[in-house]
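In: give me the fold of what follows.
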Amino acid sequence: MQQIDLTGKVALVTGGSRGLGRAMSIGLAAAGAAVVVASRKLDACESVVAEIEAAGGSAFPIAAHTGRTEELDALIEGALGHYGRVDILINNAGISPAWGGLGELSPELFHKMFDVNTMGPWYLASRLAPHMAEQGGGVVVNVISVAALKPPANMGFYAATKAALQAMTQVMAAEWAPLKIRVNNLAPGNYHSDLFDSAAQNPAYLQGAIDACLQKRVAETEEILGPLLYLVSDMSAFTTGATLVSDGGFMVQ
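Out: Alright, predicted model coming up:
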């Protein structure tokens, strides 16, 4: 982080109030960016903003549900209204409420997951892209998952919606390269976060995550900042349409 200076940049982080998103919001601010912290609950966003401001950074909270386009329109309007620009978009928000065999899952659940995990990131990025182009370019990072690349059993909906976002990223990169907008995927494995730690209260789940990783561990939350800051900074100026995997060597069991 000490080698990366994002001063003068504005970053928007969805799902930015907890887990990996919280670490991303705080890490981007520590690197000098002003940060729009977005998630469903305004009080959670305000808490992260207060933490950033206490450390001397600049941040602004906005409540928005990633699966609702009208709220994403309001998110864009609020971010541009407050800071006047958005240079970096981190599509981090995602849900995984379904765990089970494909024959056990409902169409309603698939649509719910698709709206948040795939449709929302496409809509937000595509509506922000013209504004980024007007200001001379920008960076989009779509947070997928190693599950999109190595889909395990019983995570079919999550893997499918994240794999669709990976494909969408490549289309974004191809269409927006002339606009000087770089678009890449970040594919994390198992990191400590609210969602993972909740599931990991089951000892079998935790041991399975450790066993599936070549490094035999779960990553600390803040470790996500290394790959993230690479993708949003000029260190990756010649990287677009790519997927950066940070999973400790995940193997499907």
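In: where does the stretch 101-250 of the chain have low pLDDT?
Out: For the stretch 101-250 of the chain, not a single residue meets the criterion pLDDT under 70.
In: in it, which spans are helices?
Out: Using DSSP state H, counting those that start in this stretch, the helices of the stretch 101-250 of the chain run over 107-114, 120-134, 146-149, 156-176, 194-199, 203-211, 225-232.
In: check contacts around residue 217.
Out: 210, 248 (C-beta atoms under 8 Å, 6 or more residues apart in numbering). Using the backbone N, CA and C atoms, a C-beta is placed for each residue, glycine as well.
In: distance check, it against residue 100.
Out: Distance, residue 217 to residue 100, by C-beta to C-beta, to the nearest Å: 27 Å.
In: likewise for residue 78?
Out: Distance of residue 78 to residue 100, given as C-beta to C-beta: 37 Å.
In: those two: who's more crowded?
Out: residue 78 (18 against 13; other C-beta atoms under 10 Å).
In: helix, strand or coil for the more buried one?
Out: Secondary structure state of residue 78, per DSSP: H, G, I helix; E, B strand; the rest coil, is helix.
In: might one say that it is in contact with residue 61?
Out: No: Residue 78 is beyond contact range of residue 61, at 9.4 Å (criterion: C-beta atoms under 8 Å).
In: quickly list what residue 11 is bridged to.
Out: residue 35, residue 88 (DSSP bridges).
In: who touches both of residue 78 and residue 61?
Out: Taking C-beta under 8 Å, 6+ apart as the criterion, residue 78 and residue 61 both touch residue 36.
In: okay, which residue is most central for the chain?
Out: The centroid of the chain falls nearest to residue 92 when counting by C-alpha atoms, centre = their mean (1.8 Å).
In: for the protein, what's the longest strand?
Out: strand 181-188 (DSSP state E).
In: now do stretch 231-248: distance from first to last residue.
Out: Its first and final residues considered, stretch 231-248 spans 18 Å by C-alpha to C-alpha, to the nearest Å.
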